[in-house]
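Enquirer: Have a look at this fold, sequence not included:
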(Lines give C-alpha, C1' and ligand atoms only; values in the text may rest on other atoms or scores of the structure.)
Protein backbone atom coordinates (compact mmCIF):
# COMPACT_ATOMS: atom_id res chain seq x y z
CA UNK A 1 0.00 0.00 0.00
CA UNK A 2 1.29 3.45 -0.78
CA UNK A 3 0.57 6.80 0.84
CA UNK A 4 0.42 10.21 -0.76
CA UNK A 5 3.14 12.60 0.43
CA UNK A 6 3.39 16.23 -0.60
CA UNK A 7 6.47 18.39 -0.81
CA UNK A 8 6.93 22.06 -1.52
CA UNK A 9 9.34 23.01 -4.28
CA UNK A 10 10.06 26.47 -5.61
CA UNK A 11 8.64 27.21 -9.05
CA UNK A 12 12.02 27.50 -10.76
CA UNK A 13 13.13 24.07 -9.55
CA UNK A 14 9.85 22.49 -10.60
CA UNK A 15 9.99 24.15 -14.03
CA UNK A 16 13.58 22.95 -14.52
CA UNK A 17 12.63 19.41 -13.49
CA UNK A 18 9.76 19.41 -15.99
CA UNK A 19 12.02 20.82 -18.72
CA UNK A 20 14.51 18.02 -18.10
CA UNK A 21 11.66 15.49 -17.94
CA UNK A 22 12.71 14.36 -14.47
CA UNK A 23 10.33 11.96 -12.82
CA UNK A 24 10.51 13.78 -9.50
CA UNK A 25 8.21 11.29 -7.78
CA UNK A 26 10.67 8.49 -8.52
CA UNK A 27 13.62 10.71 -7.56
CA UNK A 28 12.00 11.51 -4.21
CA UNK A 29 11.17 7.84 -3.53
CA UNK A 30 14.75 6.79 -4.26
CA UNK A 31 16.17 9.70 -2.28
CA UNK A 32 14.03 8.81 0.74
CA UNK A 33 15.05 5.14 0.51
CA UNK A 34 18.72 6.14 0.30
CA UNK A 35 18.42 8.43 3.33
CA UNK A 36 16.71 5.68 5.33
CA UNK A 37 19.49 3.25 4.41
CA UNK A 38 22.17 5.81 5.27
CA UNK A 39 20.67 6.49 8.69
CA UNK A 40 20.19 2.79 9.43
CA UNK A 41 23.84 2.20 8.52
CA UNK A 42 24.87 5.07 10.78
CA UNK A 43 22.82 3.67 13.68
CA UNK A 44 24.31 0.22 13.10
CA UNK A 45 27.87 1.58 13.11
CA UNK A 46 27.19 3.54 16.30
CA UNK A 47 25.87 0.37 17.95
CA UNK A 48 28.92 -1.60 16.86
CA UNK A 49 31.15 1.16 18.18
CA UNK A 50 29.41 1.04 21.58
CA UNK A 51 29.79 -2.73 21.73
CA UNK A 52 33.45 -2.42 20.78
CA UNK A 53 34.06 0.08 23.57
CA UNK A 54 32.35 -2.22 26.09
CA UNK A 55 34.27 -5.28 24.99
CA UNK A 56 37.57 -3.45 24.94
CA UNK A 57 37.79 -3.79 28.71
CA UNK A 58 36.96 -7.49 28.80
CA UNK A 59 39.79 -9.90 29.49
CA UNK A 60 39.93 -12.34 26.58
CA UNK A 61 41.71 -14.97 28.57
CA UNK A 62 38.97 -14.87 31.19
CA UNK A 63 36.31 -15.31 28.50
CA UNK A 64 38.15 -18.28 27.02
CA UNK A 65 38.58 -19.79 30.45
CA UNK A 66 34.88 -19.34 31.23
CA UNK A 67 33.88 -20.87 27.90
CA UNK A 68 36.11 -23.88 28.43
CA UNK A 69 34.77 -24.33 31.92
CA UNK A 70 31.20 -24.14 30.71
CA UNK A 71 31.87 -26.58 27.88
CA UNK A 72 33.54 -29.03 30.26
CA UNK A 73 30.52 -28.94 32.57
CA UNK A 74 28.20 -30.17 29.82
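Expert: Yes, it's here. These figures come from a predicted structure and were not determined experimentally.

Enquirer: how close does the residue nearest to the spatial centre of the chain get to residue 28?
Expert: Closest to where the C-alpha atoms of the chain average out (CA atoms, centre = their mean) is residue 40, at 1.4 Å. Separation of residue 40 from residue 28 (CB to CB, to the nearest Å) stands at 19 Å. The way it works is simple: take the backbone N, C-alpha and C, and place the C-beta from them, glycine included.

Enquirer: for residue 68, same thing?
Expert: Distance of residue 68 to residue 28, given as CB to CB: 56 Å.

Enquirer: The two: which is more packed in?
Expert: A count of neighbours by other CB atoms under 10 Å puts residue 28 above the other of residue 68 and residue 28, at 13 against 10.

Enquirer: what's the more buried one in contact with, if anything?
Expert: By CB atoms under 8 Å, 6 or more residues apart in numbering, residue 28 lies in contact with 5, 7.

Enquirer: Ok, residue 59 next?
Expert: By CB under 8 Å, 6+ apart, no residues touch residue 59.

Enquirer: one more time with 10 Å
Expert: The contact partners of residue 59, taken as CB atoms under 10 Å, 6 or more residues apart in numbering, are 65-66.

Enquirer: quick one: secondary structure of residue 40?
Expert: Put simply, residue 40 is helix when judged by DSSP: H, G, I helix; E, B strand; the rest coil.

Enquirer: for this structure, what spans make up the helices?
Expert: In the chain, the helices defined using DSSP state H lie at 11-19, 24-56, 60-73.
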